[in-house]
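Q: Any chance you could fold what I've pasted below:
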Amino acid sequence: MSKMNDIKTLTAACLALYASSAGAVEPIRVCVGLQASPPFLFPNKAGTIQVLISQAADQLGMKVKFEPMPLPKCVEELKAGTIQASAAMGFTANNQTIAVFPLKKNGDADPARAVGSARSMIYRAKGNKASWDGTHFSDVKQAVLFPTGNSVFTEKMKALKTPYNDQTATFPRNLSKMLAGQGDLVIGFEHEGKLRLEEPEFSGKIEVLPTPFTEAHYYMTFSKKFYAANEAQVENLWNALPKLKTSPEYLAAIKNIQ
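A: The predicted model follows:
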C-alpha cells in the first residue's frame, strides 16, 4: 500500500513539474523607443500598439515583454537577433534588410496586419515662409528637424535630397529649437502635433502646414533569426491582428489613451 502511495506521489510530482515547465513560456522581447509617441507607444505605460500586441499574444497563449531602448539600439539588436521583435517599424528598404514584416503574396507589406498607421505633418513658426507642397520644400534655409530614429522620415528626406537634423530625441524639443531659431521646419506625427500645439509653450506660435509629409503603416517586426525558428508562431500573431483591431475589447481598452 505504501509503495502504491509512493508511486502516486511521484506521479503527481512529475505532473506538477511538467505543468510548471510547460507554463513557463519565455516572453517575446519587444523593443519600444525611449520617447513617447502618443497615442501609439510609450516607454512607461501601454499605448494603443502595445495594447494590441498584448491582446493578440494573450489570445494565442503567448507572452510579450516590452523593453524601452533608444531606437538605434533596437535596430542593432534586431539585426543581431539579440532581441526578438520591434513594436512598430515602417516598411522601408533599409528596414527590410534588418527585420521580417508581415507580407502579402506579392511581397509587399500587408496593411491589414499592421499595428497602426499615422500621418506626419510639417510644422513652422508663424511668420516663417518655409513651406512644403507635398512634393518639395521651398524657402528652407536650415536643416529640417525631426526626432532621432524615424526611418520613414529619414529615407524620404534622403530621397528628396533635403538637409535634415535628427539629432534631437523628441518632437517637443524640436519645436522649441525651431522657436529659438535653430530650424525652419519640424516634422512630427499629426496626433502628437495637435496635443503639443495646445500647450502654452507652443500655442499661437506654431502652425501646421496643410499637406501631410508621410502617410504610413507601421508593423510589428521580428528578427530574421527569431522568425526562422518560430515562423508559425509569428504568422499566427500577425494573423490575429486584423480582427482584434475592430473588437469591442480592444476599442474599450484604448478609448482613453492619448
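Q: C-alpha only now, for contacts and for neighbours.
A: OK.
Q: ranges for the strands of the stretch 101-250 of the chain?
A: With strands called from DSSP state E, counting those that start in this stretch, the stretch 101-250 of the chain shows them at 116-125, 131-132, 137-138, 144-145, 164-165, 185-189, 206-208, 214-223.
Q: how close does the nearest residue to L209 once chain neighbours are set aside get to D184?
A: Spatially, and ignoring its direct neighbours in sequence, L209 is nearest to I122 (5.5 Å; Cα to Cα, 6 or more residues apart in numbering). Remark: distance between I122 and D184 (Cα to Cα, to the nearest Å) = 10 Å.
Q: Who are the contact partners of the most centrally placed residue in the chain?
A: Central residue of the chain (Cα atoms, centre = their mean): A88, 2.6 Å from the mean position. By Cα atoms under 8 Å, 6 or more residues apart in numbering, the contact set of A88 is 32, 49, 115, 218-221.
Q: Return the member of those residues nearest to N150.
A: Y218 (11.3 Å; Cα to Cα).
Q: ok, the closest one touching A114?
A: Yes - contact criterion Cα atoms under 8 Å: Y218 and A114 qualify, at 5.6 Å.
Q: who has more neighbours, the two?
A: Taking other Cα atoms under 10 Å, Y218 and A114 do not tie; A114 has more neighbours (25 against 22).
Q: I'd like to know how many residues surround the residue nearest to that one when sequence neighbours are not counted.
A: Spatially, and ignoring its direct neighbours in sequence, A114 is nearest to Y219 (4.6 Å; Cα to Cα, 6+ apart). By other Cα under 10 Å, 26 other residues sit near Y219.
Q: now swap in K225 and tell me
A: For K225, the neighbour count with other Cα under 10 Å is 18.
Q: One more: the one 5 residues further on?
A: Residues near N230, counting by other Cα under 10 Å, number 12.
Q: how near is it to N236?
A: 10 Å.
Q: next one: S176
A: On the measure of Cα to Cα, S176 and N236 end up 43 Å apart.
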